[in-house]
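Student: dropping a prediction and its sequence here:
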Amino acid sequence: MRLGDIAKKLSCTLEGPDDLEITGVAGIEDASPSELTFLSNPKYRRKLQTTRAAAIILSAQEPDPGRPALRSDNPYLDFAKALELFYPPARAEPGIHPAAVIAADAKVGRNPSIGPYVVVEQGVEIGDDCVIKGHVMIYHGARIGHRFFAHSHSVVRENVQIGDDVILQNGAIIGSDGFGFARQADGSYYKIIQAGTVVVEDGVEVQANTCIDRATVGVTRLRRGAKIDNLVQVGHACDIGQNTLLCGQSGLAGSCRVGKNVVLAGQVGVAGHLTIGDNVIATAQTGIPSDVEPNKIVSGYPAMDNSRWLKCAAAYARLPEIHSAVRSYIKRPNHPDQNK
């Protein structure tokens, strides 16, 4: 594909020959002399000197890269779109496999692609253009919108509601029982029926082996555009805001309220019944035991302002030296604490 054609499709400003032939897209370190790459993070700017790429997508603020360029308002987004030009997603074959089991009263929209050993139980409704890969299980009463894509071994439990353009990666479980038990007099636990549901709004993606628990009563909700990474636990009755990212191995106890545009990085833990405001970023392995105000960046356990945590982390690395210096100071003659 010619570089000029790529520029037009991406609405980028072309700097260089229109007829330069591009054969693919790759990262800045791996690109070949016929491939397109991108620069979005300034820390990789030095790699412009060593990349072999034929051309590069970068912002208007970046200096001349010394090679043909596509100037972009959002280089990372345009890189993602360029990938689709060269590697378009495969279209699923339409039809319902004879090994699929679909209840007589289930309603499936137009142009479905349903693979072998899919089970769709009674009262289910699924919109148009669904793609449901083999071994997916959809329990009774589920309501699912248009362009649903469920990869193998994902599960939609009873009475769950799912909007349009939702993707479930392999092994995602939507609507598993919340972790609810009442302690009895003999010390054993009595299981509390999880009578609530899960609502997944439009444009949500839930990735592999993640569990979204149903509410005991009421609703667990993933709001429009939320993206949930692999191996994430969302507890019962949580409310996850629009365009929020929950990264791998993060876990939320029940009844959390998470605002919009929040990022919880890998292995963040959130205690139950608290509120995280809009635009919060929690760095990796942060433990959040209490509410977080909007627009904060927090780190550590217990979660604190990121700038304070960085100072604490730097001091912790020098703790033996600090301890030695303090002990030496205390041992000075006539110090009031020298005998402690």
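Tutor: It's in.
Student: going forward, measure contacts between C-alpha atoms and count neighbours the same way
Tutor: Fine.
Student: where in the chain is the helix or strand with the lowest mean pLDDT?
Tutor: For the chain, counting by mean pLDDT, DSSP states H and E, helix 319-330 ranks last in confidence among helices and strands (a mean of 85).
Student: that one: how far from the chain's middle?
Tutor: Relative to its chain's centre, helix 319-330 lies at 44 Å (Cα atoms, centre = their mean, to the nearest Å).
Student: what does stretch 6-16 give?
Tutor: Relative to its chain's centre, stretch 6-16 lies at 29 Å (Cα atoms, centre = their mean).
Student: for residue 175, give me phi and psi.
Tutor: phi 100, psi 20 (degrees, to the nearest 10).
Student: what sits against it?
Tutor: 156-158, 160, 197-198, 211-214 (Cα atoms under 8 Å, 6 or more residues apart in numbering).
Student: with residue 96 instead?
Tutor: Residues in contact with residue 96 (Cα under 8 Å, 6+ apart) are 112-115.
Student: picking that back up, output the least confident helix or strand of the chain as PDB, nothing but the C-alphas.
Tutor: Extracted in PDB, the C-alpha atoms of helix 319-330 (Å, rounded to 0.1, in the frame of the first residue of the first chain):
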ATOM      1  CA  LEU A 319      16.400   2.700  55.500                       C
ATOM      2  CA  PRO A 320      19.400   0.700  56.900                       C
ATOM      3  CA  GLU A 321      21.600   3.800  56.400                       C
ATOM      4  CA  ILE A 322      19.000   6.100  57.900                       C
ATOM      5  CA  HIS A 323      18.600   3.700  60.900                       C
ATOM      6  CA  SER A 324      22.400   3.600  61.400                       C
ATOM      7  CA  ALA A 325      22.600   7.400  61.300                       C
ATOM      8  CA  VAL A 326      19.800   7.800  63.800                       C
ATOM      9  CA  ARG A 327      21.400   5.300  66.200                       C
ATOM     10  CA  SER A 328      24.700   7.100  65.900                       C
ATOM     11  CA  TYR A 329      23.000  10.400  66.700                       C
ATOM     12  CA  ILE A 330      21.200   9.000  69.700                       C
END
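Student: flag every buried residue along it.
Tutor: residue 330 (16 or more other Cα atoms under 10 Å).
Student: coming back round to it: and the contacts of residue 175, which of them are in helices?
Tutor: Members of the contacts of residue 175 lying in helices (criterion: DSSP state H): none.
Student: doesn't residue 290 belong to a helix?
Tutor: No: looking at residue 290 with DSSP: H, G, I helix; E, B strand; the rest coil, it is coil, so not inside a helix.
Student: so what pLDDT did residue 220 get?
Tutor: Residue-level confidence at residue 220 comes out at 98, pLDDT.
Student: element containing it?
Tutor: Element membership of residue 220 [criterion: DSSP states H and E] is strand 219-222.
Student: what is that strand packed up against?
Tutor: Counting contacts by 3 or more Cα pairs under 8 Å, 6 or more residues apart in numbering; DSSP states H and E, strand 219-222 is packed against strand 197-200, strand 239-240.
Student: tell me what the longest one is packed against?
Tutor: By that I understand strand 197-200. Packed against strand 197-200 by the contact rule (3+ Cα pairs under 8 Å, 6+ apart) you find strand 161-162, strand 173-176, strand 219-222.
Student: list the neighbouring strands of it plus their orientation.
Tutor: Using DSSP bridges, strand 197-200 pairs in its sheet with strand 161-162 (parallel), strand 219-222 (parallel).
Student: now do the last one: everything it contacts.
Tutor: Contacting residues not belonging to strand 219-222 are listed as 196-201, 204, 212-214, 235-242 [Cα under 8 Å, 6+ apart].
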